[in-house]
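K.L.:
sequence? don't have it. structure:
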Ligand SMILES: Cc1cc2nc3c(=O)[nH]c(=O)nc-3n(C[C@H](O)[C@H](O)[C@H](O)COP(=O)(O)OP(=O)(O)OC[C@H]3O[C@@H](n4cnc5c(N)ncnc54)[C@H](O)[C@@H]3O)c2cc1C
Ligand SMILES: Cc1cc2nc3c(=O)[nH]c(=O)nc-3n(C[C@H](O)[C@H](O)[C@H](O)COP(=O)(O)OP(=O)(O)OC[C@H]3O[C@@H](n4cnc5c(N)ncnc54)[C@H](O)[C@@H]3O)c2cc1C
Ligand code: SF4
Ligand code: SF4
Ligand code: SF4
Ligand code: SF4
Ligand code: SF4
Ligand code: SF4
Ligand code: SF4
Ligand code: SF4
């Protein structure tokens, strides 16, 4: 079978190690049945794979599925055809960003996170949460406040992470990686 | 020398990727080739006649057929030569289908390779010697291993034709898995009702020696003449004296879970018959659990036995029997559901396996046929039946187990029948019902109101999140037809476990010199055209030991294997291996390297003359001795050094010629 | 012939019961592999003597494969035990004679291992492609 | 026994207690930690989402900073860190191109890493498999008898493959807690994911997931859930209140680290074990333990076979 060049399907198969296993999807539904996020996804994994096979790339890349994937590998360890589903989810995020087709906040969340890592070399969950929510869901972040207070009072919430000593080295590495990876 | 060359098209199987005409033309110019032809189907009667005619017309004294694997048609073309008066060993095949056209797509490469293979065969065949096929008489007795329905059927067919059968069964009774079943799909006949008469017939047939609680330890010899060593394990019961009254069983104080016949759902005693209709009727004492054997106390059974049949001193017996043919029908093991932890078998009481459920619905089983929960009292209001457990999953078994869709439907029917108010959910990927009456059975279940959810069940859990789920098992699955994850609370879940090769199939295969496929099932000689024969002459297979199958097909295979055996017995003699080894008396230095290397002890060392000598009746023609002999004094006929080296040289020369370069000096 | 279009010539000695049937299996399953190998059927891998291997190299083969049943699965019980014992010694000798021992492959392939057979052939062919052709390199015969 | 130690970002804030008590336990068991100098964030699951190569390079920097000769194994206490370190090492070993590219990136910082040089381990794995249950037992001064501890592994300890425990039915922590003398029920949800960063994306989705896990533990009368991952701890602990208000439940299940309960059994002062850092109070659990009757006095009743009941299949031995 020759696949439409540059289609989501073709890219998974050619770019992702073991991606060609997606061809053997039985549409059994074990992945969706096992997925903790399935109920919140526009299309749960099996359905998404059917769309990929049908060439409905736009629908696929606009779906929130892979942004809602928490990378728990539950689907992967249960798939009877040994399809690397979680890795496919990562790959789809990548494809969606590449094509600029994403609609959820999740990408921005990841972005906030990455920004922090690139700034400090380390992350910190709650500073991250606060930053993200202030930007995107001011209301939700108010709701988060009591929890954050609890954390703070137990010495578990810091406002800024420690910065690593050799930030210059890390940046150089990441810049180089981005350059090659692009 | 006049050689004839025949290049087969095999329709487009070969001609599609090999330019057969070109190969034929090319071969025509080779040394000693009198005639070279290509033909659509060489194995057809017209193809064979072509060879026969040419042998006569052109006076051919060597024939090369370039077609499929010799495993497929060597005997066909040897036959053609023989009919035309040519020694059958003057024929050689070049395998340009399995080893060439089917595995290479590039026509040019395929054509070149075919030329090299044809040249190799031509070069080899020139060195062939005429061999005389010797015949050995066939022992008319047959060994059948495994007393399931397949083995019983095979044994009865042969015994009814008037020949003797040794039927060896490992368990205390014959019957196999079929004896555990309640009803059989799709007709819902009572399994015991149709099986018991067969078991009885096999147990009482004058031509059947029934050896239960026994195993085959060793097999020697070859088709027509096998020597078999059987261990008959001690039952601790004197079969002559025992009347099968069952008093011992009744009085024995030790009761243990019966993992075999009751599939773990019920108990049996330390002295027991697996079930009341067991054949033979004698019990056995299970020494692992008997207090006398373990602690030196009890002997209650001895006290109550009215005929003094208990014999604690009894020892295993070793029987040596001679048979001409062997049928191996050792059946399958059910998949161990505990290997899939997310289904909770062994963790949640109300998860059952298929075989457990068979025992449960069986009126003679532990619940006298009542469908109840593990507590033995409460009745389920809802039942989930999970298809494909351990099947169609690369982590366990990739194949489809073939019978579980049908038995899952059967289970759904049984629940509807016994508990008309209960809800039944079948979680399936595909419903597979490909045989007579099977699809109709599925339709019947649709009408009976079974709820079918298309989706492989993901997990079973007991963590309730809603009031309706409380106290239930919750099956989570995607209902793929609506594209939604669903949680279905049920009281009972049945896992439709697949069929696996016996855990010891590899050892059994070794004992009988047969091979196994990647799943551990016995490998047939040809997947389509020879499903009950094996690569070892005189050894046949039948039933679920060859692959997952249902009862009708197991019976058909049992009968087919029997027919194959009967035709050999009827013929009365078998061809002996003609390709045996021979020692050159003049050059042998008596070092005995060959004697040590022969796997069959077929080489005698003659003390007086200090020479080695091959016993041709024992030699199987493996050639190990040839390679071991330091003085090059042993020839293996039909695989001589000259023949093999000529074949190699033929190929190499052709390759260099095709390359357009001459051989290096 | 330019160096880069060099196609290694391989002779494979395959035991009738396991490896030859395995090669048939690759065919039945239509698994593609390089056409470089020419198969010669022997009853048992134990039939293959070191001399035969040497003569094959002398005839200009770039590689020789000896394939037999897995240990324990030999149709003749233990013929392949001999193969297993014989060849490690022999491969050492080959090096001594100037034939790199990488040119000889002894491996077990069962009747059900068609895909493995195809893999072995592909891998061996690839390996030989990285080596110069044998022809002319051998000063024997 | 000497290992490199990769604390992970949360060690400095949220999971301070885990880091601190792990060091205490390690010392008690004779494990020496060599903290990686100037380690950086492993990228959690986020970095991989967006840009693969920098994500690998980010992790690889940590591996490259380890002196592999001195400490050929690195311990991460956090499951996400563990899996990222392991995944990076394995993928670099498996895919030549990735290996080259990552090393080109590392070279920009004057570093290099040879895949396979450093083996990544989870702290739980080291405690159970390198030190061993016997050695743990020897260090015990008190039993945890009387406590029902529910082991919760989260998703990563056995996944995606070839990790130190079974992906669906892990046993390590069960055995460890049993060794410590606690009652350890068979928790069927022990590998169901805690939701990870979902708390930040969809409150609804994550609370549903957390509620499921808490309900499962609650049904087993858990005195505490025992975890080995800061993310699991954070989610189950910090959002328990939110679960309660969203679902009208009243779970009060402390979420503690296995290192903390080991400390109890080793006779360490509960104060220094920092139980009070949990949002859900551990007080009730500690009190119950202190007042529990000694194990020896508790007689185990042998269960009599119910006449009606059908036999249960035996569990598969792991
Ligand atoms: C739950 C369930 C329900 C089923 N329901 C149906 C149905 O309704 N209808 C239907 O057609 N099929 C059904 N089947 C399939 C059916 O069980 C098989 O088709 C049939 O039993 C195969 O018979 P067999 O003789 O090949 O193997 P088996 O029944 O397995 O018999 C093999 C025999 O060989 C013996 N044996 C094994 N190894 C040795 C050895 N080394 N030496 C000596 N003896 C040995 C065994 O003890 C056994 O007696 C069902 C299967 C299952 C699991
Ligand atoms: C499109 C198609 C593709 C298939 N592909 C496959 C496949 O890939 N693999 C596979 O395993 N199976 C395949 N099958 C099934 C396969 O064809 C059958 O399983 C097989 O041919 C059955 O053989 P048979 O001998 O029972 O019947 P038939 O092949 O039908 O032979 C019956 C013979 O009896 C003769 N006959 C009929 N009535 C009389 C009479 N009254 N007197 C005398 N002679 C009579 C007929 O002329 C015929 O020669 C395929 C079937 C179809 C339709
Ligand atoms: S579990 Fe695997 S085979 Fe089944 S639908 Fe999902 S991806 Fe396809
Ligand atoms: S890895 Fe992602 S898609 Fe797979 S089960 Fe977990 S959340 Fe769902
Ligand atoms: S001889 Fe073999 S290759 Fe030729 S037609 Fe018959 S089956 Fe096909
Ligand atoms: S051994 Fe004795 S008691 Fe037991 S069945 Fe036979 S005759 Fe009856
Ligand atoms: S001696 Fe053994 S078999 Fe006989 S009654 Fe006692 S326990 Fe049962
Ligand atoms: S027969 Fe049905 S239940 Fe059994 S493995 Fe095949 S599809 Fe699954
Ligand atoms: S060919 Fe094989 S069986 Fe025959 S004598 Fe030689 S070693 Fe023995
Ligand atoms: S190995 Fe050769 S020389 Fe030695 S005894 Fe046997 S035949 Fe004679």
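P.N.:
Great, that's in hand. No experiment lies behind these values; they were computed from the predicted model shown. Numbers count the residues shown, from 1 in each chain, chains lettered A, B, ... in the order given. Ligands and ions are numbered 1, 2, ... in the order given.
K.L.:
all contacts plus neighbour counts: C-alpha atoms, from now on.
P.N.:
Noted.
K.L.:
and the next element down the chain from the lowest-mean-pLDDT helix or strand in chain C?
P.N.:
Every helix and strand of chain C was ranked by mean pLDDT, DSSP states H and E. The lowest is helix C:79-97, at a mean of 77. Helices and strands here follow DSSP states H and E; after helix C:79-97, the next one along the chain is strand C:104-108.
K.L.:
tally of neighbours for residue D:287?
P.N.:
Neighbourhood size, residue D:287 [other CA atoms under 10 Å in any protein chain shown]: 10.
K.L.:
do stretch B:352-361 and ligand 8 meet?
P.N.:
No: residues of stretch B:352-361 are not located near ligand 8 by CA under 6 Å from any ligand atom, the shortest gap being 10.9 Å.
K.L.:
so what's the closest residue in space to residue B:105 that isn't next to it in sequence scoring on pLDDT?
P.N.:
Nearest non-adjacent residue to residue B:105, counting by CA to CA, 6 or more residues apart in numbering or on different chains: residue B:17, 6.2 Å away. Note for residue B:17: predicted pLDDT of 94.
K.L.:
returning to that earlier point: list the buried residues of the least confident helix or strand of chain C.
P.N.:
Across helix C:79-97, burial judged by 16 or more other CA atoms under 10 Å in any protein chain shown covers C:79-84, C:86-87, C:90-91, C:94.
K.L.:
sorry, back to before: can you confirm the residue nearest to residue B:105 is in a strand?
P.N.:
No: membership of residue B:17 in a strand is not supported by DSSP: H, G, I helix; E, B strand; the rest coil, which gives coil.
K.L.:
which helix or which strand is home to the residue nearest to the spatial centre of chain A?
P.N.:
Nearest residue to the geometric centre of chain A (CA atoms, centre = their mean): residue A:67, 4.8 Å. Taking DSSP H and E as the definition, residue A:67 sits inside helix A:65-68.
K.L.:
got it, and residue B:27?
P.N.:
Taking DSSP H and E as the definition, residue B:27 sits inside helix B:20-28.
K.L.:
do that helix and ligand 5 meet at all?
P.N.:
No: residues of helix B:20-28 contacting ligand 5 under CA under 6 Å from any ligand atom: none, with a closest distance of 11.6 Å.
K.L.:
who touches that helix?
P.N.:
With CA atoms under 8 Å, 6 or more residues apart in numbering or on different chains as the test, helix B:20-28 has contacts from B:5-9, B:14, B:33-38, B:111, B:114-115, B:118-119.
K.L.:
same for the helix or strand that it is followed by, what does it pack against?
P.N.:
Next helix or strand after helix B:20-28 toward the C-terminus (DSSP H and E): strand B:33-39. Helices and strands touching strand B:33-39, as assessed by 3 or more CA pairs under 8 Å, 6 or more residues apart in numbering or on different chains; DSSP states H and E, comprise strand B:3-8, helix B:20-28, helix B:45-58.
K.L.:
want to try JSON lines for those, with distance to ligand 1 as columns?
P.N.:
Below are the helices and strands packed on strand B:33-39 laid out as JSON lines (distance: least, CA to the nearest ligand atom, whole Å):
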{"stretch": "strand B:3-8", "distance to ligand 1": "39"}
{"stretch": "helix B:20-28", "distance to ligand 1": "44"}
{"stretch": "helix B:45-58", "distance to ligand 1": "36"}
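K.L.:
ligand 6: which of these is closest?
P.N.:
helix B:45-58 (61.4 Å; CA to the nearest ligand atom).
K.L.:
show me where the chain has its helices.
P.N.:
With no chain named, the answer covers chain A. For chain A, the helices defined by DSSP state H occupy A:8-15, A:30-34, A:45-53, A:57-62, A:65-68, A:74-78, A:85-98, A:106-120, A:125-136, A:138-153, A:167-181.
K.L.:
wait, I meant chain D there
P.N.:
D:16-29, D:46-50, D:52-64, D:79-94, D:96-107, D:123-125, D:133-139, D:172-179, D:198-201, D:203-219, D:230-238, D:240-247, D:258-265, D:283-291.
K.L.:
tell me the mean pLDDT for the second one?
P.N.:
Over the span of helix D:46-50, the pLDDT mean works out to 64.
K.L.:
and the helix holding residue A:67, average pLDDT?
P.N.:
Here the average pLDDT along helix A:65-68 is 90.
K.L.:
show me how the chain divides into domains.
P.N.:
Went with chain A since none was named. A:1-102, A:103-182 (automatic domain parsing).
K.L.:
I was thinking of chain D, sorry if that wasn't clear
P.N.:
The record's domain parsing of chain D by automatic domain parsing lists D:2-124, D:135-308.
K.L.:
tabulate those (TSV), appending distance to ligand 6.
P.N.:
As requested, those are exported to TSV (distance: least, CA to the nearest ligand atom, whole Å):
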stretch	distance to ligand 6
domain D:2-124	56
domain D:135-308	26
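K.L.:
just name the most buried of those domains.
P.N.:
Among those, ranked by average contacts under mean count of other CA atoms under 10 Å in any protein chain shown, first place goes to domain D:2-124 (a mean of 21).
K.L.:
any part of that domain near ligand 4?
P.N.:
No: on the criterion CA under 6 Å from any ligand atom, domain D:2-124 is out of touch with ligand 4, staying 10.8 Å away.
K.L.:
got a list of what the closest residue to ligand 6 within the stretch 451-600 of chain B touches?
P.N.:
Closest approach between the stretch 451-600 of chain B and ligand 6, counting by CA to the nearest ligand atom: residue B:502, at 30.5 Å. Residue B:502 makes contacts with B:330-333, B:520-521, B:545, as judged by CA under 8 Å, 6+ apart.
K.L.:
for those residues, give me TSV that also has secondary structure.
P.N.:
Converted to TSV, the contacts of residue B:502 look like this (three-state DSSP):
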residue	secondary structure
B:330	coil
B:331	coil
B:332	strand
B:333	strand
B:520	coil
B:521	coil
B:545	helix
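K.L.:
ok, residue C:90 touching residue C:50?
P.N.:
Yes: if you go by CA atoms under 8 Å, residue C:90 and residue C:50 touch, sitting 6.7 Å apart.
K.L.:
could you list the low-confidence segments of chain C?
P.N.:
Within chain C, the stretches with pLDDT under 70 are C:1-5, C:78-79, C:135-141.
K.L.:
name the residue closest to the centre of it, please.
P.N.:
Geometric middle of chain C (CA atoms, centre = their mean) lands on residue C:65, at 0.4 Å.
K.L.:
residue B:555 belongs to a helix, doesn't it?
P.N.:
Yes: per three-state DSSP, residue B:555 lies within a helix segment.
K.L.:
stretch B:167-187 near ligand 6 anywhere?
P.N.:
No: if you take CA under 6 Å from any ligand atom as the test, stretch B:167-187 misses ligand 6, and the best it gets is 13.1 Å.
K.L.:
flag every buried residue along that stretch.
P.N.:
B:167-186.
K.L.:
show me how far it is from its chain's centre.
P.N.:
Put simply, stretch B:167-187 sits 18 Å off its chain's centre (CA atoms, centre = their mean, to the nearest Å).
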